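J.: Sequence and computational prediction follow.
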2 protein chains.
Amino acid sequence: MNERWKRMWEGLGMDLEAHDALLEVLRKGYRDIYLAQKNRPEGMGYFDFVMSEVHGLRIKELLDEKEAGRKVIGAFCLFVPEEIVRAADATLVGLCAGADFATEEVEKLLPRNTCSLIKPAFGFKLGKVCPYIESADMVVGENTCDGKKKSYEILNDLVPNMYVMDIPQMKSAEGRALLKAEYLRFKEAVEKLTGTTIDAPRLKKGIEVVNKKRKAIHRLSGLRKADPAPISGLDALLANQVYFYDDPVRFTDSINKICDELEARIDKGEGAMPKGTPRILISGYPMAVPNWKLPWIIETAGAVVVGEESCVGERGTRNLVDESGSTLDELIEAIVDRYFKIDCAIFTPNRDRLDHILEMFEAYQADGVIHYCLQFCQPYLIESMVIEKALETKNIPVLRIETDYTSEDVGQLRTRLEAFFELIK
Amino acid sequence: MNERWKRMWEGLGMDLEAHDALLEVLRKGYRDIYLAQKNRPEGMGYFDFVMSEVHGLRIKELLDEKEAGRKVIGAFCLFVPEEIVRAADATLVGLCAGADFATEEVEKLLPRNTCSLIKPAFGFKLGKVCPYIESADMVVGENTCDGKKKSYEILNDLVPNMYVMDIPQMKSAEGRALLKAEYLRFKEAVEKLTGTTIDAPRLKKGIEVVNKKRKAIHRLSGLRKADPAPISGLDALLANQVYFYDDPVRFTDSINKICDELEARIDKGEGAMPKGTPRILISGYPMAVPNWKLPWIIETAGAVVVGEESCVGERGTRNLVDESGSTLDELIEAIVDRYFKIDCAIFTPNRDRLDHILEMFEAYQADGVIHYCLQFCQPYLIESMVIEKALETKNIPVLRIETDYTSEDVGQLRTRLEAFFELIK
């Protein structure tokens, strides 16, 4: 495969040797974690293919789109509305990275104690190993946490077309006004980049495409409520990860095909794991590709993940945009309404998130909640202590995990998780 | 002294034993660091007295004010406008703490990797050793950094009358509108707390009192431009620290008296340190009482601090509120104008701060800049790397220090600082 895309990667200015090494690690991780699973839905074959071509064929598609005059926009966060990007016939891709890279170089630009979603974003850029950021005509940052907000000032020197979106910290009238003003400003920036004026019909179509993608994921999530769970948490997480990279229409079809298969499984009482396997709700920090560490340990330690309360999961995909509006302003208002509901830990207070965890715990028939966080993420780390206390008050078993991208603590985590599963059985 | 105030502290529900231990450490630190200095201005006797009574007589004054029907408001940040508090005949006091306390208890509520301005705020409350927070009728938090923003959700359970103020992250039109809306909301909260309606004459008087305090500090700062420096950085820092606790009118008079004395010193060519001593500008994170570690090492290692680009320093005190308005809205606008200029690292971008550092470096005839930060403060840590690079580009010697409240790294810091002073001599 590498030979096939070599010229393309060269054309993007990538470091071929470092990139080969990265792909090798990715391939090995995927084989050991994903392909080693038993009893996978056949439809996951599509995602196996997508992952094998995530830096190859998918990049070729993006470059073909660019060749045809379309634009590619890269983003790090849920708050960047894909609807507006689609409305201008552009493509939005996720830029977060779930593995450390070029850490020594990164730490010349960022403090060591910066979280592991931010440092790899720099590492992949500095190391020239991310074909997505190299293909992007515009990179959109957002003022969510302090770490991202401040590091974009530095990333600005590394990427040619950096755009920063402000995000409110409270769900007040002023907060909503800020979000709306920022979405209008973003719309203008996208129009300028693409040369396409976004009118109501275009925006409505953008909303419909993204809603369909979300509805497919809602359907998949709904099926995970069954016992036995018809799909592993690892496979469901992968679907949620590919959500950020794939062509939305093709992605929607692939998810719906898997859902057809899972419905048949459920009818036959079949599952990815045996009935009675302890059911885990993961809550917390987003897991970007190839950060599969925690669900992998959970699912090889005797439990199954039935839901993700995460940006790469239900926090990111729940709530549709109301499609009923007909004017541009009505549609923008509907987009603002939808995104303003995101219960990210950057908001204060953030009671909605706790309610969502409780709701998911019930809906997915979970036996326990594992709160997951990467080191040095202040919003989720502090909120995890509030969440833990609240769940304990309701006698919901909860385990707080703070980790990183290394494999150093795998043994220790496995021991803690096994003890937790014993407890909740 | 302790016997004299014992009943008062008991009445505030404080832990007398723990508090005695804390005061003993404070007293010892003050003696070894402050009273050990040579050649101090006589006027510093006032601050020696203030510090010896900072938990005693000053608290008695606050309780007397409360007895007379006035209110005490505690705050953690520069963004809480003292003008509005004074306009309602209430008193604003600073609640930040510059020493670790009850860390084990704090880490049950907050992640270990939370910065040392936040953890002690909890520690002093949990340990019942802060008479200011115990006297406060209202405690005002603000959404500056993630750490503070999220930890106030937890502090809310510990203090009875917690109020949180939202703060913008960008200096946009929406950001300014948010700050104005929040200041109007705060005015209403203060009116409700005090039962006093804040009209234009009251607000104007509040502005005048606080401006006078700032002008006195500006006068003091101006005198530090002389070589030899007429006052040590330690003594000037103390004045900036007491700024947050003392009665503003008395404070203003005391600073002006010291300034008279310093002017006479300058006329005679006298200084706190010899002419030619390396002159240091400290830039970065605020130093709350009794965090005197860095200037103490600097000034016992052969240099003198001539300016503080810090919240407890010029970032906090520069810029007056325009007093010329006559309507309430004009005066509120003037307050918003002044506070919106604060160049805190929570803002992005924050170019003003770099300009201010460059301006101070020239004005105070500094030989080098020491950027100071406490561990785990993401905004200032990340910004410090931008500042370092920018100063290096201009051939300004700069040293980045990341430390904590312990004395564990004193030896190592002394070695680094001595090497830096050798370099810039």
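T.: Alright, I've got the coordinates.
J.: Tell me the residues of the stretch 201-350 of chain A that contact chain B?
T.: Counting by Cβ under 8 Å from any Cβ of the partner chain, the residues of the stretch 201-350 of chain A lying close to chain B are A:Ala345, A:Ile346, A:Thr348, A:Pro349, A:Asn350. All C-beta spots, glycine's among them, are computed from the backbone N, C-alpha and C.
J.: For the second one, which non-adjacent residue is spatially closest?
T.: So that's A:Ile346. For A:Ile346, the nearest residue in space outside its immediate sequence neighbours is A:Thr144; the separation is 4.8 Å by Cβ to Cβ, 6 or more residues apart in numbering or on different chains.
J.: and if you look at the first one?
T.: With sequence-adjacent residues excluded and distances taken as Cβ to Cβ, 6+ apart, A:Ala345 is closest to A:Pro379, at 3.7 Å.
J.: is it true that that neighbour touches A:Cys373?
T.: No: the pair formed by A:Pro379 and A:Cys373 falls short of the contact definition of Cβ atoms under 8 Å, at 9.4 Å.
J.: Can you show me the strands along chain A?
T.: Ranges of strands within chain A are A:72-75, A:91-94, A:138-142, A:162-165, A:279-284, A:304-309, A:368-374, A:398-403, based on DSSP state E.
J.: I'd like these written out as a markdown table, with mean pLDDT and mean neighbour count added.
T.: Formatted as a markdown table, the entries for the strands of chain A read as follows, by pLDDT from 0 to 100; neighbours: other Cβ atoms under 10 Å in any protein chain shown:
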| stretch | mean pLDDT | mean neighbour count |
| --- | --- | --- |
| strand A:72-75 | 98 | 24 |
| strand A:91-94 | 98 | 22 |
| strand A:138-142 | 98 | 24 |
| strand A:162-165 | 98 | 20 |
| strand A:279-284 | 98 | 28 |
| strand A:304-309 | 98 | 27 |
| strand A:368-374 | 97 | 23 |
| strand A:398-403 | 97 | 20 |
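J.: Output the contacting helices and strands for the longest helix that chain A contains.
T.: The helix spanning the most residues in chain A, taking DSSP state H as the definition, is helix A:200-223. For helix A:200-223, the elements it packs on are helix A:82-87, helix A:233-242, helix A:248-267, helix A:314-317, helix A:328-340, judged by 3 or more Cβ pairs under 8 Å, 6 or more residues apart in numbering or on different chains; DSSP states H and E.
J.: returning to that earlier point: quick one: contacts for the residue nearest to A:Ile346?
T.: The contact partners of A:Thr144, taken as Cβ atoms under 8 Å, 6 or more residues apart in numbering or on different chains, are A:Cys77, A:Phe79, A:Ile167, A:Cys344, A:Ile346.
J.: and with 6 Å instead?
T.: A:Cys77, A:Ile167, A:Ile346 (Cβ atoms under 6 Å, 6 or more residues apart in numbering or on different chains).
J.: Next one, pLDDT for the last one please.
T.: Read it as A:Ile346. As summarised for this prediction, A:Ile346 has a pLDDT of 98.
J.: What's the local residue count around it?
T.: The number of residues packed around A:Ile346, counting by other Cβ atoms under 10 Å in any protein chain shown, is 28.
J.: Mark out where each domain of chain A begins and ends.
T.: Taking automatic domain parsing as the criterion, chain A consists of the domains A:3-22+A:59-197, A:205-320+A:344-424.
J.: To B:Pro228, which of the ones you listed lies closest?
T.: With Cβ to Cβ as the criterion, B:Pro228 lies closest to domain A:3-22+A:59-197 of the domains of chain A, at 36.2 Å.
J.: in the stretch 51-200 of chain A, which spans are helices?
T.: Across the stretch 51-200 of chain A, reading from the start of the chain, the helices by DSSP state H, counting those that start in this stretch fall at A:57-67, A:82-87, A:103-106, A:118-126, A:131-135, A:146-155, A:173-194, A:200-223.
J.: Ranking these by mean neighbour count, which comes first?
T.: When neighbours are counted by mean count of other Cβ atoms under 10 Å in any protein chain shown, the highest per-stretch mean among the helices of the stretch 51-200 of chain A falls to helix A:82-87, a mean of 26.
J.: same for it, what does it pack against?
T.: Helices and strands touching helix A:82-87, by 3 or more Cβ pairs under 6 Å, 6 or more residues apart in numbering or on different chains; DSSP states H and E, are helix A:200-223.
J.: how does it look with 7 Å?
T.: strand A:91-94, helix A:173-194, helix A:200-223 (3 or more Cβ pairs under 7 Å, 6 or more residues apart in numbering or on different chains; DSSP states H and E).
J.: ok, and what's touching it?
T.: Applying Cβ atoms under 7 Å, 6 or more residues apart in numbering or on different chains, the contact partners of helix A:82-87 are A:73, A:91-92, A:183, A:186-187, A:190, A:198, A:202-203, A:205-207, A:209-210, A:321, A:335.
J.: Let's see that with 8 Å instead.
T.: With Cβ under 8 Å, 6+ apart as the test, helix A:82-87 has contacts from A:73, A:91-92, A:183, A:186-187, A:190, A:196, A:198, A:202-203, A:205-207, A:209-210, A:248, A:321, A:335.
J.: can you check stretch A:176-185 too?
T.: So stretch A:176-185 is in contact with A:81, A:84, A:165-168, A:332-333, A:335-336, A:339-340, B:172-175, B:177-178, going by Cβ under 8 Å, 6+ apart.
J.: Mind doing that once more with 10 Å?
T.: For stretch A:176-185, the external contacting residues (Cβ atoms under 10 Å, 6 or more residues apart in numbering or on different chains) are A:79-81, A:83-84, A:142-143, A:163-172, A:328-329, A:332-333, A:335-337, A:339-340, A:342, B:168-170, B:172-175, B:177-178, B:181.
J.: Would you confirm that A:Val249 contacts A:Lys205?
T.: No: in this structure, A:Val249 is not within contact of A:Lys205 by Cβ atoms under 10 Å, at 11.5 Å.
J.: so where's the stretch 1-150 of chain A uncertain?
T.: Within the stretch 1-150 of chain A, the stretches with pLDDT under 70 are A:1.
J.: residues in it within reach of chain B, list them.
T.: Where the stretch 1-150 of chain A comes near chain B, counting by Cβ under 10 Å from any Cβ of the partner chain, the residues are A:107-115, A:118, A:141, A:143-150.
J.: Recalculate using a threshold of 7 Å.
T.: Proximity of the stretch 1-150 of chain A to chain B, by Cβ under 7 Å from any Cβ of the partner chain, involves residues A:Leu109, A:Leu110, A:Pro111, A:Asn113, A:Asn143, A:Cys145, A:Asp146, A:Gly147, A:Lys149, A:Lys150.
J.: Can I get the residues you listed in a markdown table including distance to B:Thr277?
T.: Supplementary listing: the residues of the stretch 1-150 of chain A next to chain B in a markdown table, determined by distance: Cβ to Cβ, whole Å:
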| residue | distance to B:Thr277 |
| --- | --- |
| A:Leu109 | 34 |
| A:Leu110 | 35 |
| A:Pro111 | 31 |
| A:Asn113 | 34 |
| A:Asn143 | 42 |
| A:Cys145 | 42 |
| A:Asp146 | 37 |
| A:Gly147 | 38 |
| A:Lys149 | 39 |
| A:Lys150 | 34 |
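J.: State the pair within those residues that is farthest apart.
T.: Once Cβ to Cβ is applied, those give A:Asn113 and A:Asn143 as the farthest pair, at 19.7 Å.
J.: What's the separation between the most centrally placed residue in chain A and chain B?
T.: The central residue of chain A, meaning the one whose C-alpha is nearest the mean C-alpha position (Cα atoms, centre = their mean), is A:Val312 at 3.1 Å. The gap separating A:Val312 from chain B is 20 Å, by Cβ to the nearest Cβ, to the nearest Å.
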